[in-house]
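K.L.:
When you get a sec, could you give me coordinates for this:
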Amino acid sequence: MERTRENHSRPLQSGLVWGVGYLAILVSVVLAVRFAWAGADTDADGVIRSAAAAVAAIVGCHGPAWIMRAIGLRAWFAAFIAFAGFTVCIAVTIAGGIGTIAVGSDKSRALRVNAAETYADKRSELEVLRERRRRLPNTKPIGMIEGELTAARLIAGGVPRMRAWMRWRLRREPSVPNMRDLPAS
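P.N.:
All right, here's what the predicted structure looks like:
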């Protein structure tokens with residue numbers, strides 16, 4: 001057989017096909033194991049489910065090749081067994097995928113319902129707090145309160161000074177009315 005460029009590149013192409021095929025199998029097995037483990041309740045259940053999912057993914061990926069090889073070798077019973085195993089594994093894989101999707105949607109729905117209930121609880125709590133705030137006396141802005149406090153302090157500090165001044169003045173000018181006659185502050 002003459003070596004041509006086409007024959008020379010065939011091993012490379014064949015290697016790439018096998019590499020991509022086994023990469024696809026690896027991805028399939030990893031995803032099947034991951035979702036089987038995530039859906040398990042206990043560790044033992046997770047190991048069993050993961051192993052079954054891995055076998056189903058491997059047989060599901062290799063099934064068509066096994067069937068075609070058995071047909072090519074005219075091993076009809078082996079082809080039937082390969083077809084039956086492939087069909088069961090594909091059914092298990094599809095059912096597992098549908099189950100995973102259903103569980104995921106149930107969890108998502110439960111989270112949405114929980115979030116809605118929490119939101120409703122928070123809204124009712126907010127309304128209670130708003131009602132409590134409405135019952136409080138009206139308040140003024142902090143700047144206004146600070147101004148009034150400053151004025152009150154000046155007045156409060158000014159009254160004793162004013163009284164002292166009035167006493168001083170009374171001592172100097174007796175015509176000013178008596179201190180006792182001044183209104184109390």
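K.L.:
pLDDT of the longest helix anywhere in the chain, averaged?
P.N.:
Taking DSSP state H as the criterion, the chain has its longest helix at helix 76-135. For helix 76-135, the per-residue pLDDT values average out at 83.
K.L.:
Could you name the helices and strands sitting against it?
P.N.:
Helix 76-135 makes packing contacts with helix 5-38, helix 43-72 when contacts are defined by 3 or more CB pairs under 8 Å, 6 or more residues apart in numbering; DSSP states H and E. To be clear about C-beta, it is placed using only N, CA and C from the backbone, and glycine gets the same treatment.
K.L.:
The longest one versus helix 43-72: what angle between them?
P.N.:
For helix 5-38 against helix 43-72, the angle by axes from the mean of the first three to the mean of the last three CA atoms, to 10 degrees is 150 degrees.
K.L.:
still on that earlier bit, any idea how far the longest helix of the chain is from the chain center?
P.N.:
14 Å (CA atoms, centre = their mean, to the nearest Å).
K.L.:
Compute the inter-axis angle for it and helix 5-38.
P.N.:
Using the same axes, to 10 degrees, one finds that helix 76-135 and helix 5-38 are set 50 degrees apart in direction.
K.L.:
circling back: in a markdown table: the helices and strands packed on helix 76-135, plus mean pLDDT.
P.N.:
Below are these laid out as a markdown table (pLDDT from 0 to 100):
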| stretch | mean pLDDT |
| --- | --- |
| helix 5-38 | 79 |
| helix 43-72 | 86 |
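K.L.:
what separates the residue positioned nearest the centre of the chain from Ala91, distance-wise?
P.N.:
Using CA atoms, centre = their mean, the residue of the chain that lies closest to the mean C-alpha position is Leu111, 9.9 Å off. As judged by CB to CB, to the nearest Å, Leu111 and Ala91 stand 30 Å apart.
K.L.:
tally of neighbours for Arg49?
P.N.:
By other CB atoms under 10 Å, the residues close to Arg49 number 20.
K.L.:
That one is in contact with Ala40, isn't it?
P.N.:
Yes. Arg49 is within contact range of Ala40, at 5.1 Å (criterion: CB atoms under 8 Å).
K.L.:
how about Ser75, phi and psi?
P.N.:
For residue 75 the amino acid is Ala, not Ser. Torsion angles at Ala75 (phi, psi; degrees, to the nearest 10) stand at phi -100, psi 90.
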